[in-house]
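Novice: Give me the fold of what follows.
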Amino acid sequence: MTAPTSARGRRRAPSRIERAAGRAAALQKPRVILALLLLLALTCVLLLDGYLRAEVGGDQRVRTGAGSADVPDRILNGGPILTFRGGRATTVSVPAKTIALTFDDGPDPTYTPQVLKILHRYDVPATFFLVGSMVSRYPGTVKTMVDQGNEVGIHTFTHVDLSYQSNARVNREMRQSQLALAGAAGITTTLFRAPYSSETDAIDDYSWPVYQRLGKEGYTSVFVDTDSDDWKKPGVSKIIDWATPKKGKGASVLFHDAGGERTQTIEALPRYIEKMKAKGYTFTTISGAIEKRDTAGGPSATTASGASAGRGAETGVRTGTARGDTTSGGLQAAHRTATGMTLYEGKALLVAVAIAEWALPVLSGLLLVVGVAVMGRFGLMLLVARRHHRLRNRRRFSWGPVVTRPVSVIVPAYNEKECIANTLESLARSTHPIEIVVVDDGSTDGTSEIARAAADRLGMTGVRILRQENAGKPAALNNGVRSARHDIVVMMDGDTVFEPETVRHLVQPFADPEVGAVAGNAKVGNRDTVIGAWQHIEYVMGFNLDRRMYDLLRCMPTIPGAVGAFRRDAVLEAGGMSEDTLAEDTDITIALHRAGRRVVYQEHARAWTEAPGSLAQLWSQRYRWSYGTMQALWKHRKSLTDKGPSGRFGRVGMPLVVLFQIVTPLFAPLIDVFTAYSMIFVDLRAALLAWFAVLGVQLACAAYAFRLDREKYRYLLMMPLQQLAYRQMMYLVLIHSCVTALTGGRLRWQKLKRTGEVGTPAGANG
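Specialist: Next comes the predicted model:
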């Protein structure tokens, strides 16, 4: 921030206000970044959780019917273990009377531990082909599995058929699975089994290039000789029968320890082991089968799992395989000790997954709470708004004797050259006697001169223009209140226009001596733009329905700065408009409640204000509003324990404001976030139906609010887009405000750019 230059050309030191503005501007950027990072973190958590759960549990290929003309016959007719020693494809069969017991789709938190207990009881090793996403979710089970002496292999990260995936997707599936293993058990592996694979004769022209590529990287691909088909849940006897090799042959036998309900598998497994042992079979791992075949003089398996698998070891940085101890009594032959970045990245992956696993239930619970709160709010608003409308619009309703005495209208103005003439012109048509006090708060654009010229042109004799050095809106209002000649003061913004009947309607509740202040009905005048239409919906639905509810509950939290009326003595007794917060209108309203004054809503007192015309201006305004509201609530927190009207606001109004204006809006976007999550990862149709159901409820409430305010329904066509864009922005603004409040930041008033397009209340009809 450069120092200003004086009229004589010399640079003067920045003022205290300018220095404060510079510090505030410097602090806001990090807070905006932090708010965006929180949103990014939420998005990443949901994406990670969705990715972990995607495509797991399906038992069918993406495509079928491919030919196998490119696959060598010796592979199609070979054993279930495929290696690429020296770059040449070689198959290895399981020796006779040997079972290489394998399990797919795990680990599962329910069934895998039961399988491990059975294997430990019978002293039987097995090879588990693990889904990386499941490994990352249940790392403890994998650690137990490896410590028990079992062997593990990769079954991809998301159980996707690699045959039809890009090279980048194949790399990602393999590397992420290796990282999950590294984080869970401190190892990587050279074993791989493709999802939806079976015997080698099922290799086709789509899958063969994948096996070749992985083989060159040091992977041993494992297929099936005998399939128990336990996933079909055919019954224990059939599972055992289908898993039994014929005529004493050795076999790679497939069971499943996850991917669905596996009670039959758990029941069949011990009986199967006992049966095979009774037949003279021995059990081993895939590496054990290779070693046993090699020892018996069969094809060498060193390319698949020994040190000669050099390419896989060298490419460990890319795929996750790495050199490690393969000595007897140490790791299984297919396992490698994870070291370096592979180990650290694996641990980091598990931490991220643990956060996602913890966060999703919490967020789901919050979504339930928010959903109940939102629906409860809508229901309460509709019931109370209907009652309020009927009560205040019945023929016999009256506040008391008609108020006809003059009132003072205070117009604080700072650089309002575009709007001030329109404001005064609207007041000139007032049907109620008024004096007008324009307080020019150090304007530099000729606001006071324009105001005087407009008053002279309109022949307005009851206009006083006060000038003061720039001190802020609260100071300008206090100046006006002190200078007012009447016992009722009406406050309005310098960019607002009143209808002729506005002041008359606004002051009638003061016939009731209990009433200390009245909130008017603020309307968006520049509603013919997208942003304006969004705010119009918000004003009619969010603000005015709320005020009807708060009125009947006698806990009105805010009298809008655009249109409100006060007993002058009540304002002075409360200490005037405070500069302690950025929401002086909320602050003074709560202060009046605490002083025992009643605050009501007058729906017929309409004022037309110019809403921000750009997203940047809208952000600035709502940021100030939300942060100022938090400041005001904190300032008056002692009302929670007060008695009388103050305690009523503290125990009724304050919780409602916190719930409906802070907590619920802060988490309401979870509805949209979870809708997107469900559309991508769960059920597109169900997610859309749920989202449209919520939108339908909101539309019904909005339509009723529009009916009460006699607004045209055509603006509701913008509501779906408002839910997709506008609400997310308000969410970010609220996060920004919360971060500022938690970090102890301070804001200054920020002047919004005005155009003066809200010229007269003529737009009141639409």
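
Novice: Using PDB, list the CA coordinates for stretch 600-619.
Specialist: Taking Å, rounded to 0.1, in the frame of the first residue of the first chain, the C-alpha atoms of stretch 600-619 are listed here in PDB:
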ATOM      1  CA  VAL A 600     -41.800  -6.900  15.400                       C
ATOM      2  CA  TYR A 601     -42.000  -7.300  11.600                       C
ATOM      3  CA  GLN A 602     -44.200  -5.200   9.400                       C
ATOM      4  CA  GLU A 603     -44.500  -6.900   6.000                       C
ATOM      5  CA  HIS A 604     -46.300  -4.100   4.300                       C
ATOM      6  CA  ALA A 605     -43.500  -1.600   4.900                       C
ATOM      7  CA  ARG A 606     -41.600  -2.300   1.700                       C
ATOM      8  CA  ALA A 607     -38.300  -0.800   0.700                       C
ATOM      9  CA  TRP A 608     -36.400  -1.400  -2.500                       C
ATOM     10  CA  THR A 609     -32.700  -1.700  -2.300                       C
ATOM     11  CA  GLU A 610     -29.900  -2.200  -4.800                       C
ATOM     12  CA  ALA A 611     -28.400  -5.600  -4.200                       C
ATOM     13  CA  PRO A 612     -24.700  -6.300  -5.200                       C
ATOM     14  CA  GLY A 613     -24.400  -6.600  -8.900                       C
ATOM     15  CA  SER A 614     -21.300  -8.800  -9.100                       C
ATOM     16  CA  LEU A 615     -20.100 -11.900  -7.300                       C
ATOM     17  CA  ALA A 616     -17.100 -10.000  -5.800                       C
ATOM     18  CA  GLN A 617     -19.400  -7.300  -4.400                       C
ATOM     19  CA  LEU A 618     -21.900 -10.000  -3.100                       C
ATOM     20  CA  TRP A 619     -19.000 -11.900  -1.400                       C
END
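
Novice: If we go by neighbour counts, what in that stretch is buried?
Specialist: Across stretch 600-619, burial judged by 16 or more other CB atoms under 10 Å covers 600-603, 605-613, 617-619. Bear in mind the C-beta positions are built from the backbone N, C-alpha and C, glycine included.

Novice: so how far is that stretch from its chain's centroid?
Specialist: Put simply, stretch 600-619 sits 28 Å off its chain's centre (CA atoms, centre = their mean, to the nearest Å).

Novice: What average pLDDT does that stretch get?
Specialist: For stretch 600-619, mean pLDDT is 88.

Novice: shouldn't residue 509 be in contact with residue 516?
Specialist: No: if you go by CB atoms under 8 Å, residue 509 and residue 516 don't touch, sitting 9.8 Å apart.

Novice: out of the buried residues of stretch 600-619, which one sits closest to residue 421?
Specialist: residue 610 (13.5 Å; CB to CB).

Novice: Would you mind listing where the stretch 201-350 of the chain has pLDDT under the threshold?
Specialist: When residues are selected by pLDDT under 70, those of the stretch 201-350 of the chain lie in 294, 296-331.

Novice: what about the strands in it?
Specialist: 220-222, 226-227, 251-256, 282-284, 335-337 (DSSP state E, counting those that start in this stretch).

Novice: ditto for the stretch 1-150 of the chain
Specialist: Using DSSP E, counting those that start in this stretch, strands in the stretch 1-150 of the chain cover 81-85, 88-92, 98-106, 127-130.

Novice: What's the first helix or strand after the longest strand along the chain?
Specialist: What stands out as the longest strand in the chain, according to DSSP state E, is strand 598-609. Scanning forward in sequence from strand 598-609 by DSSP states H and E, the next helix or strand is helix 615-635.

Novice: Now the next helix or strand after that next one: average pLDDT?
Specialist: Proceeding C-terminally, helix 615-635 gives way to helix 644-648 as the next helix or strand, assigned by DSSP H and E. Across helix 644-648, the average pLDDT comes to 91.

Novice: Helix 644-648: which residues count as buried?
Specialist: Going by neighbour count (16+ other CB under 10 Å), the buried part of helix 644-648 is 645, 646, 647, 648.

Novice: picking up where we left off before, centre of the chain versus the longest strand of the chain, how much separation?
Specialist: Centroid separation between strand 598-609 and its chain, computed with CA atoms, centre = their mean, is 35 Å.

Novice: about what we covered before: can you tell me which of the buried residues of stretch 600-619 lies nearest to residue 162?
Specialist: Of all those, residue 162 sits closest to residue 619, with 45.9 Å by CB to CB.

Novice: Next, the contact list for that closest one, please.
Specialist: 729, 733 (CB atoms under 8 Å, 6 or more residues apart in numbering).

Novice: go with 10 Å
Specialist: Each residue near residue 619 by CB atoms under 10 Å, 6 or more residues apart in numbering is listed here: 32, 612, 729, 730, 732, 733, 736.

Novice: The last one - that's part of a helix, no?
Specialist: Yes: inclusion of residue 736 in a helix is indicated when DSSP: H, G, I helix; E, B strand; the rest coil is applied.

Novice: Wait, it touches residue 666, no?
Specialist: No: using CB atoms under 10 Å, residue 736 is not in contact with residue 666, being 11.0 Å away.

Novice: Next, show the common contact partners of the two.
Specialist: In contact with both residue 736 and residue 666: residue 626, using CB under 10 Å, 6+ apart.

Novice: Looking only at neighbour counts, state which of these two leads.
Specialist: residue 736 (24 against 18; other CB atoms under 10 Å).

Novice: Pick out the most distant pair among the contacts of residue 619.
Specialist: Greatest spatial distance in the contacts of residue 619: 32 and 612, 17.2 Å, computed using CB to CB.

Novice: Mind telling me what element residue 550 is part of?
Specialist: helix 545-553.

Novice: just to revisit the earlier point, buried subset of the contacts of residue 619, written for ChimeraX?
Specialist: Remark: buried members of the contacts of residue 619, expressed as a ChimeraX selection using 16+ other CB under 10 Å:
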select :32,612,729,730,732,733,736
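
Novice: What about the contacts of residue 619, which are in helices?
Specialist: Mapping the contacts of residue 619 onto helices (DSSP state H) picks out 32, 729, 730, 732, 733, 736.

Novice: Make TSV from these and add pLDDT to it.
Specialist: Putting the ones in helices among the contacts of residue 619 into TSV (pLDDT from 0 to 100) gives the following:
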residue	pLDDT
32	62
729	78
730	78
732	75
733	81
736	75
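
Novice: Sort out which one of those lies nearest residue 261 for me.
Specialist: Distance to residue 261, by CB to CB, is smallest for residue 732 among those, at 43.4 Å.

Novice: For residue 610, see how far away residue 425 is.
Specialist: To residue 610, residue 425 is 15 Å away according to CB to CB, to the nearest Å.

Novice: repeat for residue 495
Specialist: Distance, residue 495 to residue 610, using CB to CB: 5 Å.

Novice: again, but for residue 402
Specialist: Applying CB to CB, one obtains 32 Å for the distance of residue 402 from residue 610.

Novice: hang on, the earlier thing: who wins for proximity to residue 546 among the strands of the stretch 201-350 of the chain?
Specialist: Taking the strands of the stretch 201-350 of the chain one by one with CB to CB, strand 251-256 is closest: 55.3 Å.

Novice: What's the end-to-end length of stretch 175-195?
Specialist: Stretch 175-195 has an end-to-end distance of 16 Å (CA to CA, to the nearest Å).

Novice: ok, now which ones touch residue 595?
Specialist: 516, 570, 573, 574, 575, 644, 645, 646.
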